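Participant: One predicted model, sequence on top.
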Amino acid sequence: MKYKLLLLSLFSFIYFNVSAQVQKEQGRIIKKDNQELTGFVSYFFDSPTEIFYWDAQNEKHVFSPDQISEIRLISGQRFVSKPFKSASGTHDQIFQAILITDKINFYVREGNNKEFYVEKDGIIYKLENNVKLIKEKGKELKSYDYQYVSVLSQLLQDRMDLVGNLNQIKLQEKDLLKILTEYANGDINYYYTPNTKELEHNNFWSVYTQVSNHGGMNSNVETEGFSFGYQVGVQYHFGKGTRSSVKLAFNKSTYSFSDLNVEALSLVAKYQYEFLKKSTYTSYLVAQVLEFTKTDINYKADWKEDHESGGISIGIRPGIGIEARPSDKVSFFLEINDLLYMGSIPKNFSVGLNYRLGKTAEEHLSL
């Protein structure tokens, strides 16, 4: 039971923590020596020390944060490389610029949680709200240190009218952006506004097919003979820069038991989240959340009467997978299914092929 609750908590956590990436977007890199390179850029927050660049001949180059000063994408996004002092020392890191002004700059970094930073007088400060556990009368209570309020109070000393409002803001992008914009007082050099026309190209569809081996049925009944299934579906990706997608698929499965066989036709809906995203592969969690099923139950004994049934199933049936991308269009994946039923692991697995529909970024550029 604890294992199932842990998995359900994990899926709930990732659903509300969707992170951005830069995946082969058109733009330019400005190096520390002021050389400008125009082409396609990838940057994955799961690989923070690598910036990938493709030139006009589609040759791939890899840079580190200490080699570049800025990334500018046609989507309107800008990323800057800045030295940041952490517990492990001072290293150049990539930050997404949200606001650049003559007085103060506002940056974010993506991960499982969004991180916020401000820069003033060449020094970058991380804004945090750390949890503190306090024991009171034998009970453990949760409290927060509101560190971001203290940091901003020091940085905005020349605007005491704004300092007085800091206790009313939350550690959220919109609240921080509002008060820092007021502090800039019109001296704004850059304010991130998404280029909606370009972002539309980031959302895309793909089609996929997979074959499955079924070690169990309905997550709790172990099969006793060769059981398999075929699935064909479509996948909608919420942009190349996000980790989330949804799947809608038609599935046909056969489950074999000692005394009967079950033939099932179903329409399924799934949610997928890429928790690790690299340039050539991703690792993901997938959850089947809805299923419309029609089943034919065929008994092996002649004296038992075959019958049909059907219904709707709503609930989380989680799995985990890895997907390799040899090209921008084609990928191959392997999944372990029904993680809530430990008895069927690793018997419940799928292998499949995914093909992207529509034009890639390079094909849009060539129009």
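Facilitator: In hand now; what should we look at?
Participant: Residue ranges in the stretch 1-150 of the chain under the pLDDT threshold?
Facilitator: 1-21, 111-112 (pLDDT under 70).
Participant: try it again with 90
Facilitator: 1-26, 42-49, 56-58, 74-77, 83-94, 109-114, 130-145 (pLDDT under 90).
Participant: which residues of it fall in strands?
Facilitator: 22-31, 36-43, 51-54, 60-63, 68-73, 78-86, 89-101, 105-109, 115-120, 123-127, 131-136, 139-144 (DSSP state E, counting those that start in this stretch).
Participant: Repeat that for the stretch 201-350 of the chain.
Facilitator: Going by DSSP E, counting those that start in this stretch, the stretch 201-350 of the chain shows strands at 204-213, 216-217, 221-222, 228-237, 244-256, 260-277, 281-299, 307-324, 330-336, 349-356.
Participant: Out of those strands, the one nearest residue 168 is which?
Facilitator: Nearest of those to residue 168, taken as Cβ to Cβ: strand 244-256 at 32.0 Å. Backbone N, C-alpha and C define where each C-beta goes, glycine included.
Participant: quick one: pLDDT of the residue positioned nearest the centre of the chain?
Facilitator: Centroid check for the chain by Cα atoms, centre = their mean gives residue 243 as the closest residue, at 2.4 Å. On the pLDDT scale, residue 243 is placed at 82.
Participant: could you measure the closest residue to it other than its chain neighbours against residue 208, distance?
Facilitator: Closest residue in space to residue 243, ignoring its immediate chain neighbours: residue 274 at 4.2 Å, by Cβ to Cβ, 6 or more residues apart in numbering. To residue 208, residue 274 is 15 Å away according to Cβ to Cβ, to the nearest Å.
Participant: The two: which has the busier surroundings?
Facilitator: Each of residue 274 and residue 208 has its neighbours counted (other Cβ atoms under 10 Å); residue 274 has more, 24 against 19.
Participant: if we can go back for a sec, so which of the strands of the stretch 201-350 of the chain gets nearest residue 150?
Facilitator: Among the strands of the stretch 201-350 of the chain, strand 260-277 comes nearest to residue 150, with 32.8 Å by Cβ to Cβ.
Participant: now that closest one against strand 22-31, angle please.
Facilitator: Strand 260-277 and strand 22-31 are oriented at 10 degrees to each other (axes from the mean of the first three to the mean of the last three Cα atoms, to 10 degrees).
Participant: just to revisit the earlier point, want to throw the strands of the stretch 201-350 of the chain into JSON lines with distance to residue 146?
Facilitator: Formatted as JSON lines, those follow (distance: least, Cβ to Cβ, whole Å):
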{"stretch": "strand 204-213", "distance to residue 146": "41"}
{"stretch": "strand 216-217", "distance to residue 146": "49"}
{"stretch": "strand 221-222", "distance to residue 146": "52"}
{"stretch": "strand 228-237", "distance to residue 146": "38"}
{"stretch": "strand 244-256", "distance to residue 146": "31"}
{"stretch": "strand 260-277", "distance to residue 146": "30"}
{"stretch": "strand 281-299", "distance to residue 146": "33"}
{"stretch": "strand 307-324", "distance to residue 146": "35"}
{"stretch": "strand 330-336", "distance to residue 146": "42"}
{"stretch": "strand 349-356", "distance to residue 146": "45"}
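Participant: which of these is buried the deepest?
Facilitator: Stretch with highest mean neighbour count among these: strand 216-217 (a mean of 20; mean count of other Cβ atoms under 10 Å).
Participant: Need the contact partners of it.
Facilitator: Outside strand 216-217, the residues within contact range by Cβ atoms under 8 Å, 6 or more residues apart in numbering are 222-223, 227, 255, 262, 338, 341, 343-344, 347-348.
Participant: one more time with 10 Å, if that's ok
Facilitator: 222-223, 227, 253, 255-257, 262, 264, 295, 337-338, 341, 343-345, 347-348 (Cβ atoms under 10 Å, 6 or more residues apart in numbering).
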